[in-house]
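Asker: Any chance you could fold what I've pasted below:
(chains A and B)
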Amino acid sequence: MIERLENLLQLVLLGICAGISLKRSLTTKKHTWAMLFLSAFVYFLGDLYWQFYMIFYGETPPYSFIPYLSWYASFLFLLMLIIGIEGGERRKRYHNAFLWLIPVFTLGAAAFYTSRGVGIIDAIISVSIFSALFYRCLGALISRFKEDSFKNSRMLYILILICLVCEYTSNITSCFWMGDTLLNPYFWSDTILSLSFLLLPAALKKAEEE
Amino acid sequence: MNYIENTFVCLAAPLLVAVVCMKEKARREIFFLIIGMTSCLLSSYISTFVAAFQGADLLSASLEISPLVEEIMKFFPVMIYLLIFEPNARDAADCTIMTAIGFATFENVCFLMDNGASGLFILLIRGFSTGTAHVVCALFVAVGLYRLWDKEWLRAAGILALLAVSVTFHGIFNILVSQKGAVAVIGYIIPLVTIVLVTWVARHLFPASDDHSASAVL
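Answerer: Numbering: from 1, shown residues only, chains lettered A, B, ... in the order given. From the prediction side, this is the model:
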């Protein structure tokens, strides 16, 4: 019951985020808004596929290729959103020793997932997309946090970072399923992820004011 | 026994002759129609192989494996065309849609061979829903092909992400139409509604005066 409610809440919040960003992309015709729309929309589609499968067949999809593909694509769109905000600069470099922890974390998590039955290709895709996104977000937040020119974009980066952390938390906690109870951390991290998506349009609007 | 290879040869032969006789744009479009039919044929082999490799039953194969394989197989020839010939926006998007039409046509022929052609109502639904679903999925990729991303590498990543959108849309469609009653009806209507929405959104996002816009395709 709690799982169904949480999934429904996530669908609604993602739908609102997709709706707002589609409206903004139609009025402003900016690529960044189109990226946010596509990110929320593809995550929404992945959730919808998962939900329909659970409702009609009473179990989670046994192979899960499709929903995972859509969730990875959602983060790929967020990466393109960040690159768009930074003026399309592809090879942005940040120099901070702390950033070396990113591959350690993402590779460690991928090794954990593969030990739980996730395929190698799946792990490679997740490491590539999530490492790049972590690098962009953390790099910008560490190097530019006190810059005046970064003040308006700060919240956007923080929210995307929260989405990333929540995605990892949800994935890891789903491997240690604690049942359909409010004490299950999976529901909390997934709800925070949904709320972060809901706040992303406001954060992007502020970032565009720079 | 369903002799789909023989059917393919029979359907593709006159089109191949047409490719030799025609020129320029018409030749390219007929060629991609054949490519789409070939993708459909190869998809059925690959889906069967992947399903057997994964030990999947018929249901999992149709709901989880075939949307992924079919969308990738539809996109693969277009990707090769993009990489080798570097066509302009309109040509690339036209070819994407022609591939989808070829795919849907051959799939419908296979359906007719399996189920007969006596029920006009069922065939109308089949034609306007499943056939349109393939075109809608191709349209997602076509819209993003040239207009959403102006840099080459960003376009490549973006199209891969849009491919994920089309795979998921296809998967949802397959789940809905595998049901009975109202759910299946909703599933059958979704592609037509989506094609109207995508056309409307693309026309508003990309003004028709811009020749490189996706609306030029629609």
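
Asker: By neighbour count, which bits of stretch B:20-31 are buried? Give me those.
Answerer: Using 16 or more other CB atoms under 10 Å in any protein chain shown as the test for burial, stretch B:20-31 gives B:Arg28, B:Glu29, B:Ile30, B:Phe31. Any C-beta I mention is one placed from the backbone N, CA and C, and that applies to glycine too.

Asker: which residues does the residue in chain A that chain B sits nearest to contact?
Answerer: Per CB to the nearest CB, A:Ala73 is where chain A lies closest to chain B, at 3.4 Å. A:Ala73 makes contact with A:Val42, B:Leu160, B:Ala161, B:Leu162, B:Ala164, B:Val165, according to CB atoms under 8 Å, 6 or more residues apart in numbering or on different chains.

Asker: are any of those residues buried, and which?
Answerer: Buried among those (16+ other CB under 10 Å): A:Val42, B:Leu160, B:Ala161, B:Leu162, B:Ala164, B:Val165.

Asker: of all the residues you listed, which two lie farthest apart?
Answerer: A:Val42 and B:Leu160 (11.6 Å; CB to CB).

Asker: From A:Thr32, how far out is B:Thr132?
Answerer: Counting by CB to CB, to the nearest Å, the gap from B:Thr132 to A:Thr32 is 31 Å.

Asker: residue contacts, residue 105?
Answerer: Going with chain A. A:Phe105 sits in contact with A:Phe134, where contact means CB under 8 Å, 6+ apart.

Asker: switch to chain B, that's the one I care about
Answerer: Contacts of B:Thr105 by CB under 8 Å, 6+ apart are B:Leu33, B:Gly36, B:Met37, B:Gly131.

Asker: same check, this time on A:Thr60
Answerer: Per CB under 8 Å, 6+ apart, neighbours of A:Thr60: A:Trp50, A:Tyr53, A:Met54.

Asker: Mind checking which of those residues are buried?
Answerer: Buried members of the contacts of A:Thr60, scored by 16+ other CB under 10 Å, are A:Trp50, A:Tyr53.

Asker: I'd like the contacts of A:Thr60 as CSV, with pLDDT and distance to A:Glu209 appended.
Answerer: Below are the contacts of A:Thr60 laid out as CSV (pLDDT from 0 to 100; distance: CB to CB, whole Å):
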residue, pLDDT, distance to A:Glu209
A:Trp50, 92, 36
A:Tyr53, 91, 41
A:Met54, 89, 41
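
Asker: ok, and which of the contacts of A:Thr60 reach chain B?
Answerer: A:Tyr53 (CB under 8 Å from any CB of the partner chain).

Asker: how much space between B:Thr48 and A:Arg93?
Answerer: B:Thr48 is 47 Å from A:Arg93, by CB to CB.

Asker: which of those two has more neighbours?
Answerer: Neighbours were counted for B:Thr48 and for A:Arg93 using other CB atoms under 10 Å in any protein chain shown; B:Thr48 has more, 14 against 8.

Asker: tell me which element the more buried one falls in.
Answerer: Using DSSP states H and E, B:Thr48 falls within helix B:24-54.

Asker: pLDDT averaged over that helix - what is it?
Answerer: Average pLDDT, helix B:24-54: 90.

Asker: Which strands or helices does that helix pack on?
Answerer: Helix B:24-54 is packed against helix B:4-21, helix B:66-85, helix B:89-115, with contacts defined by 3 or more CB pairs under 8 Å, 6 or more residues apart in numbering or on different chains; DSSP states H and E.

Asker: Convert the second one to CSV, retaining C-alpha atoms only.
Answerer: Read it as helix B:66-85. Taking C-alpha atoms only, helix B:66-85 is exported to CSV below (Å, rounded to 0.1, in the frame of the first residue of the first chain):
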residue,chain,number,x,y,z
SER,B,66,11.0,-6.8,-28.1
PRO,B,67,10.5,-3.0,-27.5
LEU,B,68,14.2,-2.6,-26.8
VAL,B,69,15.3,-4.7,-29.7
GLU,B,70,12.8,-3.3,-32.2
GLU,B,71,13.6,0.4,-31.4
ILE,B,72,17.4,-0.2,-31.6
MET,B,73,17.0,-2.1,-34.9
LYS,B,74,14.9,0.7,-36.3
PHE,B,75,17.4,3.3,-35.2
PHE,B,76,20.6,1.4,-36.3
PRO,B,77,20.4,2.0,-40.1
VAL,B,78,19.5,5.6,-39.5
MET,B,79,22.5,6.0,-37.3
ILE,B,80,24.8,4.5,-40.0
TYR,B,81,23.2,6.9,-42.6
LEU,B,82,23.9,9.8,-40.3
LEU,B,83,27.5,8.9,-39.6
ILE,B,84,28.4,8.1,-43.2
PHE,B,85,26.4,10.5,-45.3
